[in-house]
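Student: Provide a 3D model corresponding to the input given below.
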Amino acid sequence: MFASLKNLSLLRKLVQLAAFVFLVYGSLIVGFYAADKVSGALPALSCAYDQQNADYCVLIPFQHQVDHRVGAALVAGESVIKALIPFLTTLGTFLVLFVLLNKAFCGWICPLGFFQEVTHMIGQKLGLARITSLDDRVVDRLRPVKWLMLGGLVFGLPLMTGLGLTGHAFGDAFCKVCPSRIMTTLATGDASQLYVDTSGPGYFVLSVTADFLFGLMIALGLVMRQPFCRICPMLALHAVFRKLGLVRLVKNASPRCDRCGLCASACPMDIREIHTEMENRDVTFPDCTLCGRCVEFCPDQDVLQIRYAGLKVFSASPQYFKKRKAAQGRWEAQTLGGVIRPADDKESSRGR
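Tutor: Numbering: from 1, shown residues only. Sure, this is the predicted structure:
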C-alpha cells in the first residue's frame with residue numbers, strides 16, 4: 001500500500017501532528033460539549049486536565065473506578081462484580097479502539113510521544129551530543145519499570161486509596177505524576193498544572209515528582225530518543241493486549257536476513273531482539289510502538305513488514321532503504337546556524 005512512499009517517517013510525523021492538534025485542541029474543532037464524547041478510553045496519553053482536549057486516555061477512568069468503585073465496594077462488603085462493570089465497560093471500549101491500531105497508538109497518535117520526538121529533533125538541530133543507543137544492561141533495567149508504573153500507580157495505589165490504606169492524593173497517582181498532564185495543559189496556555197502542592201504530604205510528593213519527571217523528560221529528550229515512553233504504563237497496557245491488534249510487525253528472517261543490526265539501530269526503543277529473533281514471525285515486542293523505522297532501515301527485500309489484518313501495508317526494500325538512508329544523512333548533517341557535520345558521520349552511516 002505504501003510501497004512508493006519516499007519517507008514513512010515524514011508521513012508519521014504529519015499524522016502525529018494532526019493527532020496532537022486534534023487531541024490537545026479538539027474541543028475547538030468538535031465543540032466543547034462534544035469534546036468528551038469522542039472517547040473516554042483512548043489508548044494514548046490524552047489528558048483530561050486539558051480543558052480543550054477532544055478525549056482522554058483510559059488510565060484516567062481506570063484509576064477512578066478502582067478507587068471509588070472497586071475499593072469502596074470491598075470496604076463496604078458490596079458486590080465486587082457489580083463494582084467491576086464500569087471498569088469492564090471502559091476496558092471494552094479501550095479494546096475496540098486498540099484492536100484497530102494496536103501499539104501504533106504509541107508511535108502514531110500519542111501527544112506525549114510526538115512531543116518527545118520534537119524535543120529530540122530540537123536537540124539534534126542544536127548540535128547537542130546525542131546518546132544514540134542505550135547500553136543493553138540499562139535497557140534491561142528500564143523495561144520492568146513500565147510494569148511497575150502500571151501495577152503500582154494505575155492500579156495498586158488507587159485500590160489502596162479505595163480501601164482507606166493511603167490518602168486521597170493517591171487515588172489517581174499516575175495522573176498526578178504524568179508528564180502529559182503538564183505538557184498538554186502548557187500547550188493550551190494553562191500553567192496551573194506546573195506547581196508544587198503543599199496541601200498535604202502525599203500531594204507534595206506527587207507534585208514534586210511530576211515536575212521532576214517533566215523536566216527530566218525534556219532534558220533527556222534533547223539527547224536521547226523517547227525517554228518517558230520506555231517507562232510509560234500505557235506501553236505496558238498495550239503489551240498485554242498486543243496479540244489482539246490488527247497491526248503487526250512481521251519478520252521473514254530467512255533466507256535474506258543476515259543479522260546486520262540496522263533495524264535495531266534504527267529502533268527508538270532500543271529493541272535489539274528485532275535483529276536477533278529468527279524464529280517468530282510476529283516481532284511486535286512489548287516495547288515496540290509500531291513506528292516503522294526498523295522496516296525503513298532494513299536493506300533486505302520483505303524481511304521486515306508492517307501488516308494490517310494480515311495484509312502487507314509497508315515492507316522493507318533495498319531501493320527504499322538507499323533513498324531513506326541518504327535522506328536521513330542529509331537531515332542529520334544540518335544543524336541550526338548552517339553548521340554542517342562531516343558526511344561520514346557515524347550516526348548517518350548507521351542509518352539513524
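
Student: so residue 51, which of the three states?
Tutor: Residue 51 carries the three-state label coil when classified by DSSP: H, G, I helix; E, B strand; the rest coil.

Student: okay, now it: neighbour count?
Tutor: 14 (other Cβ atoms under 10 Å). Where you see a C-beta, it was placed from the backbone N, CA and C, and this is true even at glycine.

Student: Next: residue 218.
Tutor: If we define neighbours as other Cβ under 10 Å, then residue 218 has 18 of them.

Student: where's it relative to residue 178, distance?
Tutor: Taking Cβ to Cβ, to the nearest Å as the measure, residue 218 and residue 178 are separated by 14 Å.

Student: what's the straight distance from one end of stretch 174-183 to the other?
Tutor: The separation between the terminal residues of stretch 174-183, taken as Cα to Cα, to the nearest Å, is 15 Å.

Student: Could you tell me how far it lies from the centre of the chain?
Tutor: If you compare the mean C-alpha spot of stretch 174-183 with that of the full chain, they lie 14 Å apart, counting by Cα atoms, centre = their mean, to the nearest Å.

Student: before we move on, what about stretch 139-155?
Tutor: Mean C-alpha position of stretch 139-155 versus that of the full chain (Cα atoms, centre = their mean) differs by 14 Å.

Student: Relative to residue 161, how far out is the residue sitting furthest away from the middle of the chain?
Tutor: The centre of the chain is farthest from one residue, residue 77, which by Cα atoms, centre = their mean lies 38.1 Å away. Relative to residue 161, residue 77 is positioned 18 Å away (criterion: Cβ to Cβ).

Student: and residue 244, what does it touch?
Tutor: Residue 244 sits next to 95, 98, 99, 102 when contact means Cβ atoms under 8 Å, 6 or more residues apart in numbering.

Student: quick one, what contacts the third one?
Tutor: Meaning residue 99. Residues touching residue 99, when contacts are defined by Cβ under 8 Å, 6+ apart, comprise 244, 245, 246.

Student: Show me these that map onto strands.
Tutor: Mapping these onto strands (DSSP state E) picks out no residues; all lie outside.

Student: In terms of pLDDT, where does the residue nearest to the spatial centre of the chain sit?
Tutor: The centroid of the chain falls nearest to residue 106 when counting by Cα atoms, centre = their mean (3.6 Å). We have a pLDDT of 97 for residue 106.

Student: what's the closest non-adjacent residue to it?
Tutor: Leaving out its chain neighbours, the residue that sits closest to residue 106 by Cβ to Cβ, 6 or more residues apart in numbering is residue 289, at 3.8 Å.

Student: now swap in residue 12 and tell me
Tutor: Counting by Cβ to Cβ, 6+ apart, residue 108 is the residue found nearest to residue 12 once chain neighbours are left out, at 5.8 Å.

Student: Count the residues that sit near that neighbour.
Tutor: Counted with other Cβ under 10 Å, the neighbours of residue 108 add up to 23.

Student: Repeat that for the one 10 residues further on.
Tutor: Neighbouring residues of residue 118 were enumerated by other Cβ under 10 Å; the total is 15.
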